[in-house]
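[1] Okay, here's the prediction I keep looking at, along with the sequence it came from:
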Amino acid sequence: MEDYYDELDSFTVPDTVKIIGPRAFSGARINEIKLSDSVEQIGSYAFYKSRMFEKFVLTENITTIGKYAFSYSDIL
C-alpha cells in the first residue's frame with residue numbers, strides 16, 4: 001500500500017480526528033502536514049515510505065506512536 005497519492009502542497013488533519021490510522025499516509029508525497037491538537041495516536045506504518053516533507057510538527061497531545069510509524073520516510 002503505497003504511492004496512491006499525487007503530490008500535495010499541504011494537508012491539514014481536521015480537529016475531529018483523534019487517531020491517524022495504520023498506513024493512513026503510507027507512500028504519501030506531501031510538502032507540509034499539519035496535525036490538529038486533537039490527534040492523540042499515530043498508527044503503525046502511518047507514514048511509511050512518505051516523501052518530500054518540508055514541515056511536520058508533532059503536537060504535545062500525542063500519547064501513542066505505533067510501530068514503524070515513520071519507517072523509510074523523509075520525516076525525522
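    Looks like it arrived, so ask away.
[2] where do the strands sit along the protein?
    8-12, 19-20, 30-34, 41-42, 55-57, 64-65 (DSSP state E).
[3] between these, which gets the lowest average pLDDT?
    Among those, strand 55-57 has the lowest mean pLDDT, at a mean of 81.
[4] quick one on the thing from earlier: so for residue 49, which of the strands of the chain sits nearest?
    Minimum separation from residue 49 across the strands of the chain (Cβ to Cβ) falls at strand 30-34, 12.5 Å. Bear in mind the C-beta positions are built from the backbone N, C-alpha and C, glycine included.
[5] counting contacts, what elements does the lowest-mean-pLDDT helix or strand in the chain pack onto?
    Lowest on mean pLDDT, DSSP states H and E among the helices and strands of the chain sits strand 55-57, with a mean of 81. With contacts taken as 3 or more Cβ pairs under 8 Å, 6 or more residues apart in numbering; DSSP states H and E, strand 55-57 sits against strand 30-34.
[6] Neighbouring strands - and their directions - for the strand it packs on?
    Strand 30-34 pairs in its sheet with strand 8-12 (parallel), strand 55-57 (parallel), by DSSP bridges.
[7] Alright, that wraps it up for me.
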